[in-house]
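K.L.:
Need coordinates for the following:
(one chain, ligands or ions: 1)
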Amino acid sequence: MTSTAVVIGGGIAGMCSAKVLVDHYDRVVLLERDVYPDGVGGRRGVPQSKMFHTLLERGRREIEDIYPGFHKLLDERKMPKVAFGFNCALMTPRGWGRNLPVPVQRSLFCTRAMLESTIRDLFLQEPRIELIEEAVVNNLIVDDNNARKAVTGVTYKRRGDSDLTSLSAELVVDASGFSSKAAQWFKAAGINPPEEHELDPLLTYGGQLFKLKAGARFPKDWWWTHGAFIQRVPPKDNVAAHLIRQEGDLWLLTLVAGDGLEIPKDEAGVSEFLSRMRSPLIYDMLPYFEPVDEVTTYRLPKNKWKFYERWDESPSGFIAMAAATCVFNPNMGQGMSVAAGDAGILKQCLQITDSPHELPELFFKRQAEFQKNAYQLACNNDLKFETVVGPRTVSTRLFNWYNDQINAAGAADPWIAREYALVNLLMEPVSYSYRPWFVVRVLFARLFLRWRENPNADDRVAPIPPGPAEIPTRIRAEIRNGLGLAYRFARTRVGLAR
Ligand SMILES: Cc1cc2nc3c(=O)[nH]c(=O)nc-3n(C[C@H](O)[C@H](O)[C@H](O)COP(=O)(O)OP(=O)(O)OC[C@H]3O[C@@H](n4cnc5c(N)ncnc54)[C@H](O)[C@@H]3O)c2cc1C
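P.N.:
Below is the predicted model:
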């Protein structure tokens with residue numbers, strides 16, 4: 001008998017999971033409601049694609065594992081190499097981040113359209129996946145003849161068709177993103193959907209593409225040649241902005257406003273928004289650019305967790321993944337890495353069992369273990385802002401207090417900063433930061449190394465980031481300059497990097 005797996009939705013989770021499934025099912029069908037654009041382009045099904053997206057190291061590794069050659073292909077497409085503290089200025093709630101003598105690149109920076117189209121090009125080369133575009137799944141086929149109900153397929157409608165098509169499958173994977181209709185489909189089949197947790201981050205994003213004006217050159221002392229990033233400061237300062245270099249000499253300006261405030265759409269409004277930031281850096285940079293398109297705005301959906309991992313009525317033959325199960329504030333850039341990581345978890349689970357009865361429970365449990373890290377980080381961070389409505393439990397307060405201590409300690413002790421970055425990059429779980437030695441070192445740094453945190457407190461909160469010459473230790477400055485010069489030389493003369 002031929003076994004079939006159906007994937008609903010061809011975003012990052014859908015494309016990655018379909019590739020994982022081909023080794024376990026005779027037939028893998030991916031149903032996507034959009035027509036994929038030719039080349040790099042946005043599409044209706046992913047309305048957030050016009051907004052800034054960065055892919056963390058965890059996501060990069062997961063995608064590379066599923067689609068070998070992914071990173072090389074991005075490089076060939078001239079993805080810029082953005083590195084905070086080296087060629088991109090970062091102002092965190094604590095002030096400007098440290099300048100680094102060499103680039104430390106822990107995330108990929110290009111448009112979401114470029115990322116998705118690069119994965120898609122590899123996905124389309126896989127002959128074992130059957131892609132059906134313009135196919136909107138509108139229900140699940142549920143068999144309720146046994147004690148445990150079973151999902152045995154889907155019905156969908158293709159654009160232009162008057163009738164629905166039924167497709168039987170041993171496994172249905174819901175990768176249809178935050179607009180997933182699975183809860184409605186289950187209710188219609190007499191199954192109570194999983195419970196949900198919600199928290200509204202009250203955030204609106206705005207995005208606009210720019211390019212440098214012909215002949216424009218930044219002043220020589222602007223070392224932030226690849227962009228600037230200004231974060232929000234809890235509990236009150238609820239606006240953020242960044243202007244980051246993307247592929248093809250494009251730059252993406254992002255404006256973020258909390259409390260449900262509107263993002264300005266006209267030039268004067270954007271200018272005024274930027275002029276009110278803690279640092280005028282982006283405001284000062286903007287005159288060097290000209291817009292390529294209009295401002296697009298996007299009101300973030302609520303953070304939402306669907307408790308699939310403790311769902312008593314889970315039918316066999318059905319799993320849901322990524323944004324279809326868990327949506328959260330993207331300010332830490334973790335959503336696509338979660339999507340790719342979930343596909344990696346599916347791959348591991350399929351090596352243990354491909355039984356439609358056993359797979360859902362195993363998968364939901366492991367997926368929740370992974371996703372809860374990103375969800376916890378996002379929701380707890382949102383609760384630092386006073387206008388966000390939600391319970392500030394003792395554990396939330398403790399979590400946020402400890403998180404602040406780690407960030408402060410990381411400014412004094414680079415080891416702490418490096419280790420904690422692994423948590424933010426989703427390479428390690430949140431529990432990694434609760435290892436006894438790590439806790440001791442954080443407390444030690446807070447109690448005894450405060451003097452190293454802020455070598456020059458004024459510089460940290462100055463409107464313009466400190467330059468290399470202001471790094472206090474002369475030796476460090478020399479090393480930085482030497483390595484930086486060598487790197488820049490290599491970059492321009494040898495073409496090592498863009
Ligand atoms: C403003 C903003 C900024 C973000 N920035 C980042 C970032 O910097 N880094 C990061 O990692 N993440 C970021 N994210 C999160 C990221 O966009 C999502 O987490 C990620 O796209 C989820 O992937 P997915 O495959 O689960 O869902 P999606 O990408 O939403 O894909 C779902 C797919 O399913 C299709 N579909 C839906 N319903 C049906 C149906 N009934 N039938 C057939 N097809 C269907 C859709 O057309 C779509 O193709 C950001 C999100 C937002 C909103």
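
K.L.:
switch to C-alpha atoms for all contacts and neighbour counts from now on
P.N.:
Fine.

K.L.:
same for the biggest helix by length in the chain, what does it pack against?
P.N.:
Scanning the chain for the helix with the most residues, using DSSP state H, yields helix 359-382. For helix 359-382, the elements it packs on are strand 303-306, strand 318-320, strand 326-327, helix 335-352, helix 394-412, judged by 3 or more C-alpha pairs under 8 Å, 6 or more residues apart in numbering; DSSP states H and E.

K.L.:
for the shortest one, packing partners?
P.N.:
Packed against strand 326-327, as judged by 3+ C-alpha pairs under 8 Å, 6+ apart, are the following elements: strand 303-306, helix 359-382.

K.L.:
Swap in 7 Å and give it another go.
P.N.:
strand 303-306 (3 or more C-alpha pairs under 7 Å, 6 or more residues apart in numbering; DSSP states H and E).

K.L.:
And the average pLDDT for the strand it packs on is what?
P.N.:
Per-residue pLDDT values across strand 303-306 average out to 98.

K.L.:
Check stretch 464-482 too.
P.N.:
60.

K.L.:
ok, stretch 36-51 near the ligand or not?
P.N.:
Yes - using C-alpha under 6 Å from any ligand atom, stretch 36-51 reaches the ligand at 45-46, 48, 51.

K.L.:
Could you list the residues in contact with stretch 255-262?
P.N.:
Contacts to stretch 255-262, defined as C-alpha atoms under 7 Å, 6 or more residues apart in numbering, come from residues 202-207, 238-242, 263, 387.

K.L.:
And stretch 79-90, by the same measure?
P.N.:
Residues contacting stretch 79-90 (C-alpha under 7 Å, 6+ apart): 96-105, 109-110, 223-230, 245-247, 465, 498.

K.L.:
and the residues of stretch 36-51 next to the ligand as a markdown table, adding secondary structure, neighbour count and pLDDT?
P.N.:
Converted to a markdown table, these look like this (DSSP: H, G, I helix; E, B strand; the rest coil; neighbours: other C-alpha atoms under 10 Å; pLDDT from 0 to 100):
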| residue | secondary structure | neighbour count | pLDDT |
| --- | --- | --- | --- |
| Gly45 | coil | 18 | 84 |
| Val46 | coil | 15 | 87 |
| Gln48 | helix | 19 | 88 |
| Met51 | coil | 21 | 92 |
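
K.L.:
ok, back up a step: any quick ChimeraX command for the buried ones out of the contacts of stretch 79-90?
P.N.:
Those of the contacts of stretch 79-90 that count as buried under 16 or more other C-alpha atoms under 10 Å are selected in ChimeraX with:
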select :96,97,98,99,100,101,102,103,109,110,223,224,225,226,227,228,229,230,245,246,247,465
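
K.L.:
Which parts of the stretch 151-300 of the chain are strands?
P.N.:
With strands called from DSSP state E, counting those that start in this stretch, the stretch 151-300 of the chain shows them at 165-168, 171-174, 196-199, 204-212, 227-230, 239-245, 250-257, 289-291, 296-299.

K.L.:
The longest one vs strand 250-257, what angle?
P.N.:
Counting by axes from the mean of the first three to the mean of the last three C-alpha atoms, to 10 degrees, strand 204-212 points 150 degrees away from the direction of strand 250-257.

K.L.:
got the angle for strand 204-212 vs strand 239-245?
P.N.:
30 degrees.

K.L.:
on contacts alone, who are the packing partners of strand 204-212?
P.N.:
strand 250-257, strand 289-291, strand 296-299.

K.L.:
which residues sit against the host helix or strand of Leu422?
P.N.:
Counting by DSSP states H and E, the element that carries Leu422 is helix 414-424. If you take C-alpha under 7 Å, 6+ apart as the criterion, helix 414-424 is touched by 409-411, 428-430, 433.

K.L.:
hmm, 6 Å instead?
P.N.:
410, 428-430 (C-alpha atoms under 6 Å, 6 or more residues apart in numbering).

K.L.:
near the ligand, from the residues you listed?
P.N.:
Answer for these near the ligand: none qualify (C-alpha under 6 Å from any ligand atom).

K.L.:
Going through the residues you listed, which ones are buried?
P.N.:
410, 428-430.

K.L.:
got these as TSV, with distance to Leu115 columns?
P.N.:
Putting the buried ones among the contacts of helix 414-424 into TSV (distance: C-alpha to C-alpha, whole Å) gives the following:
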residue	distance to Leu115
Gly410	31
Glu428	23
Pro429	25
Val430	27
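
K.L.:
pLDDT below threshold where in the stretch 351-498 of the chain?
P.N.:
451, 453-457, 468-482, 484-485, 487-498 (pLDDT under 70).

K.L.:
related to what we said a few turns ago, let's have the buried ones among the contacts of helix 414-424 in CSV, adding secondary structure.
P.N.:
Formatted as CSV, these follow (DSSP: H, G, I helix; E, B strand; the rest coil):
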residue, secondary structure
Gly410, helix
Glu428, coil
Pro429, coil
Val430, helix
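
K.L.:
among those, which two are most distant?
P.N.:
Using C-alpha to C-alpha, the two most remote members of the buried ones among the contacts of helix 414-424 are Gly410 and Pro429, lying 17.8 Å apart.

K.L.:
give me the number of residues near Arg120?
P.N.:
21 (other C-alpha atoms under 10 Å).

K.L.:
cool, and Ala182?
P.N.:
Ala182, neighbours per other C-alpha under 10 Å, totals 19.

K.L.:
now the one 3 residues further on
P.N.:
Using other C-alpha under 10 Å as the criterion, Trp185 is surrounded by 18 other residues.

K.L.:
Alright, I will stop here.
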